[in-house]
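>>> Below are the sequence and a predicted model for it; my questions follow.
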Amino acid sequence: GALVYQYPRRTICKSGTSMRMECQAVGFQATSVAWYRQSPQKTFELIALSTVNSAIKYEQNFTQEKFPISHPNLSFSSMTVLNAYLEDRGLYLCGAREGWDNYAEQFFGPGTRLTVL
Amino acid sequence: QQKVQQSPESLTVSEGAMASLNCTFSDGTSNNFRWYRQHSAKGLEVLVSIFSDGEKEEGRFTAHLNRANLHVSLHIREPQPSDSAVYLCAERMDSNYQLIWGSGTKLIIKP
């Protein structure tokens, strides 16, 4: 079956430092990977969508300078939160999709929960 | 901007009674809607994907889509305490495959 792993599951960092999180697709080829953030009291916000052979597209309020993403192959993606501050805390989810079909399902990892002190 | 409104914010239902959750969306042109369940330990689990008006059943979970009313619902038949979780609806945009999320319903199933 299709599985998505995320590492680490939880992390704590000091304000102003950076942390990197990883997303691994197993059992399928992740042609696109979307990174979402679920902040306290908020729903999921799309940070960026990374599609193989295309530029990474960041949503409004999110930038490559703050959330650089790497998607080097069809099974792995990573995102770094640079200079993390209190407003960056939350649950970061990656959703990986196989294929280009509009009906293709997106599989989610369990998330990386970021706490900023 | 696309928006998805989800209700109720929280819901408590007795074990075995039907649980019903609702979402309204702002634009009916998208043809992809999904219901997810979020467990703290398991992450997001897709329950039902529905692409056209009408009903779609996946086990004990049934989604109803009424595009004219901009409404999609989820009904859980014979819910059990293990079904207690946060349920999220999401609309997927055709143009960029982006998911627009509802704010979630916290469902508690009482034994």
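All right, it came through fine.
>>> Go ahead and confirm B:Gln6 touches B:Phe33.
No: taking contacts as CB atoms under 8 Å, B:Gln6 lies outside contact range of B:Phe33: 11.9 Å. Bear in mind the C-beta positions are built from the backbone N, C-alpha and C, glycine included.
>>> of those two, who's got more company?
B:Phe33 (25 against 21; other CB atoms under 10 Å in any protein chain shown).
>>> In the helix or strand the more buried one falls within, which residues are buried?
If you go by DSSP states H and E, B:Phe33 is part of strand B:32-39. Residues B:32-38 are the ones in strand B:32-39 that count as buried (16 or more other CB atoms under 10 Å in any protein chain shown).
>>> List the beta-bridge partners for B:Thr62.
Listed beta-bridge partners, B:Thr62: B:Glu57, B:His75 (assigned using DSSP bridges).
>>> Contacts only, for it.
Residues in contact with B:Thr62, defined by CB atoms under 8 Å, 6 or more residues apart in numbering or on different chains, are B:48, B:55-56, B:74-75, B:77.
>>> tally of neighbours for B:Ser82?
So B:Ser82, with other CB under 10 Å, has 9 neighbours.
>>> Which residue is the nearest non-sequential neighbour of whichever residue of chain A sits closest to chain B?
Closest contact between chain A and chain B, by CB to the nearest CB, is at A:Pro110 (3.3 Å). Take A:Pro110 and drop its neighbours on the chain: the residue closest to it by CB to CB, 6 or more residues apart in numbering or on different chains is B:Gly43, 3.3 Å away.
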